[in-house]
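Asker: Provide a 3D model corresponding to the input given below.
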Amino acid sequence: PAGMRVIVRKEIPHVGAQLRITDIDGNRYTAIATNQAKGQLADLEVRHRLRARCEDRIRNAKDTGLANLPLQAFAGNELWCHLVMLASEIMAWTQMIAFTGTKARRWEPKKLRARLFEIGGKIAAHARQTTLHLASTAPDVQLLLKGLKQIAALSPP
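Answerer: Next up is the predicted model:
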């Protein structure tokens, strides 16, 4: 469109970086589309990166399972992609609702799994009530309990 410009930057990936299929001749290309007519490249890049939630969501989806398609058939992998999207949405909403004002609000999926989703527990049923017993020695069990209370408070009766 009129007034839109695309700035492409070529850089050498840091030592040990995994090269991607889009890296040509060992160089990584980054493109920024902007409608701002003036400004230094570094300032524009910082401004765009601060707003780059899309990149973060893609990286989080890859950590959740989108990096590897496990099945042979296209339909199976399509279903897998839908499951990854659903898991990503559930994690994002859980972080917004259950962990508002806590450090877990900004954790990546790998850290969420290691700290919260892998806390040992046992489900017990007695007198028509189901109870979840969590490992009291887990470091972030109180944070998980606080998050579960936040979600339970929103549930309809």
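Asker: where is the longest helix in the protein?
Answerer: helix 74-98 (DSSP state H).
Asker: how about low-confidence regions in this protein?
Answerer: 155, 157 (pLDDT under 70).
Asker: ok, back up a step: run the chain-centre distance for the helix or strand following the longest helix of the chain.
Answerer: Sequence order places helix 109-112 as the next helix or strand after helix 74-98, per DSSP states H and E. The chain centre lies 8 Å from the centre of helix 109-112; the measure is CA atoms, centre = their mean, to the nearest Å.
Asker: give me the contacts around helix 109-112.
Answerer: Taking contacts as CB atoms under 8 Å, 6 or more residues apart in numbering, the residues outside helix 109-112 that touch it are 60, 63-64, 88, 91, 95, 104. Yep, even glycine has a C-beta here, placed from its N, CA and C like the rest.
Asker: just the CA coordinates for it, please, in CSV.
Answerer: Taking Å, rounded to 0.1, in the frame of the first residue of the first chain, the C-alpha atoms of helix 109-112 are listed here in CSV:
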residue,chain,number,x,y,z
PRO,A,109,5.3,-23.3,28.0
LYS,A,110,8.4,-25.2,29.0
LYS,A,111,8.7,-23.5,32.3
LEU,A,112,4.9,-23.9,33.0
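Asker: that helix: which residues count as buried?
Answerer: 109, 112 (16 or more other CB atoms under 10 Å).
Asker: before we move on, what about stretch 147-157?
Answerer: 147, 150.
Asker: what about the strands in the chain?
Answerer: Along the chain, counting by DSSP state E, strands occupy 5-11, 28-34, 121-126, 129-134.
Asker: need those strands in JSON lines (columns: mean neighbour count).
Answerer: Below are these laid out as JSON lines (neighbours: other CB atoms under 10 Å):
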{"stretch": "strand 5-11", "mean neighbour count": "10"}
{"stretch": "strand 28-34", "mean neighbour count": "13"}
{"stretch": "strand 121-126", "mean neighbour count": "9"}
{"stretch": "strand 129-134", "mean neighbour count": "10"}
